[in-house]
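Colleague: Test case, fold it:
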Amino acid sequence: MNLEELQVYQKAMDIGEQIWKIVIQWDYFSKDTVGKQLVKAIDSVAANLSEGFGRYFYKEEKQFCYYSRGSLFESKTWITKAHNRNLIEDVIFENMVKEINRIGVKLNNYINSIGKKKDKQYNDSEANDDGAE
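Modeller: Below is the predicted model of the structure:
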């Protein structure tokens, strides 16, 4: 499996683009304060998934997924602040929060699968090794 096939990565990329399209329309002050923080946080979700996916050891991959989850929660805070400051409409806010929650579930499921899939790959490769050199 490659990174682009991961649903959690795809969804993280999608929501990042959606938020960018919203923030880019704000006035300078709103973009410079809440907007930059929100975009950086939401973009970090996919970026940390990418970095973790590229790591050799599964514990490192998990650690970057934890960073990704932290960025997801941070994004939720910034979206809430944007909504409270009338920068995001109610319907868009509610949809974004729902999507963030769905991504959170997928991310937790992915985190829980990491050690298991790596161990299975290792065991499968050992089973296929006939010892001949």
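Colleague: got a list of contacts for stretch 101-111?
Modeller: 6-8, 11-12, 15, 45, 49, 62, 65-66, 68-69, 72-73 (C-beta atoms under 8 Å, 6 or more residues apart in numbering). Any C-beta I mention is one placed from the backbone N, CA and C, and that applies to glycine too.
Colleague: do that again at 6 Å, thanks
Modeller: Applying C-beta atoms under 6 Å, 6 or more residues apart in numbering, the contact partners of stretch 101-111 are Q7, V8, K11, K62, C65, R69, L72.
Colleague: I'd like those as CSV, with pLDDT and distance to K31 appended.
Modeller: What follows is these, written out as CSV (pLDDT from 0 to 100; distance: C-beta to C-beta, whole Å):
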residue, pLDDT, distance to K31
Q7, 96, 30
V8, 97, 28
K11, 98, 24
K62, 95, 34
C65, 96, 29
R69, 98, 26
L72, 98, 21
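Colleague: Report the buried members of the residues you listed.
Modeller: V8, K11, K62, C65, R69, L72 (16 or more other C-beta atoms under 10 Å).
Colleague: Among the contacts of stretch 101-111, which pair sits farthest apart?
Modeller: K11 and K62 (19.0 Å; C-beta to C-beta).
Colleague: Now secondary structure too, for the buried ones among the contacts of stretch 101-111, in JSON lines please.
Modeller: Shown next, in JSON lines, are the buried ones among the contacts of stretch 101-111 (DSSP: H, G, I helix; E, B strand; the rest coil):
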{"residue": "V8", "secondary structure": "helix"}
{"residue": "K11", "secondary structure": "helix"}
{"residue": "K62", "secondary structure": "helix"}
{"residue": "C65", "secondary structure": "helix"}
{"residue": "R69", "secondary structure": "helix"}
{"residue": "L72", "secondary structure": "helix"}
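Colleague: Can you tell me which of those lies closest to K98?
Modeller: K98 has its nearest neighbour among the buried ones among the contacts of stretch 101-111 in K11, at 11.7 Å by C-beta to C-beta.
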